[in-house]
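Colleague: The sequence and its predicted three-dimensional model are supplied below.
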Amino acid sequence: MDAERRERIFEQALQDYRAGRLAMATKSLGHLVQDGSRDPAHISYYGLLLAFTHGRNEESISLCEEAVEKNGRRSGVLYLNLGRALAAHGRRREAIIALERGLIIHEDDRRLRRELQHLVPRRKPLIPSLGRKHPVNRCYGYARTLGGRVLLALAPTRRIA
C-alpha cells in the first residue's frame, strides 16, 4: 500500500473516531498496522481504539508506548493517547504520569492539560452539605488555591551547592 493511500485511510479513521464510530476506525487502523505501517500516529490511535473497543489491555498499552518511544518528542497526541488508554483500563496513576511526561516536553499542549485536569481528583468542598457550586465553597476554593500560590512564591528557596 502506498503512502498516499495510507494517509487517506488514516484520515478517514480519525473522522470515524471523532464521530464515535469506534469499530469502523479500529478496523481501518488495524488494516494499516497489520499491513506494515510503523507510523507512530497509526500505532498510537490503533492502540487507543483497541483499549476502547476490545479491552485488550496489554496490547493496546504496549502499542501506545511504542508510538511514544518512536516519536514522543514531536507529538503530544501520542502521550494523550497513552494516557487515555491507561485510564480506560483503570490505571489512573500511570495515566497521570504519562500525561505529565508529555507536558514536560510539550508545555503548551492544551489537550494534555485538559486530560490531566480530568484525571486528577479535586479536593473536597469545605462544607460538603452545601455542594461544590455554592458561593461559600467556591470562595473558599479560590482562596485556598490563591493562598497556596502566594505561599509558594514567598517561600525561601534553598540553593544546593
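Modeller: Structure's in. What do you need?
Colleague: Would you state the predicted confidence (pLDDT) at the residue nearest to residue 71 when sequence neighbours are not counted?
Modeller: Nearest residue to residue 71 in three dimensions, chain neighbours excluded: residue 40, at 3.9 Å (C-beta to C-beta, 6 or more residues apart in numbering). Bear in mind the C-beta positions are built from the backbone N, C-alpha and C, glycine included. In this model, residue 40 is scored at 91, pLDDT.
Colleague: Grab the most central residue of the protein for me.
Modeller: The residue lying closest to the centre of the chain (C-alpha atoms, centre = their mean) is residue 80, at 2.8 Å.
Colleague: For that residue, pull up the helix or strand it's in.
Modeller: Assigned by DSSP states H and E, residue 80 belongs to helix 76-88.
Colleague: How about residue 62?
Modeller: Assigned by DSSP H and E, residue 62 falls in helix 57-71.
Colleague: quick one: residue 114 from residue 76, how far?
Modeller: For residue 114, the distance to residue 76 (C-beta to C-beta, to the nearest Å) stands at 11 Å.
Colleague: In contact with the residue nearest to the centre of the chain, which residues?
Modeller: Contacts for residue 80 (C-beta atoms under 8 Å, 6 or more residues apart in numbering) come out as 99, 102, 109, 111-112, 115.
Colleague: What is the nearest of the residues you listed to residue 31?
Modeller: residue 111 (26.4 Å; C-beta to C-beta).
Colleague: mind giving me the domain split of this protein?
Modeller: 3-121, 125-161 (automatic domain parsing).
Colleague: mean confidence for the helix holding residue 80?
Modeller: Taken as a whole, helix 76-88 has a mean pLDDT of 93.
Colleague: following that helix, which helix or strand shows up next?
Modeller: Helix 76-88 is succeeded, C-terminally, by helix 92-105 (DSSP H and E).
Colleague: which helices and strands does the very next helix or strand once past that next one pack with?
Modeller: Going down the chain from helix 92-105, the next helix or strand is helix 110-119, by DSSP H and E. Here helix 110-119 touches helix 76-88, helix 92-105, going by 3 or more C-beta pairs under 8 Å, 6 or more residues apart in numbering; DSSP states H and E.
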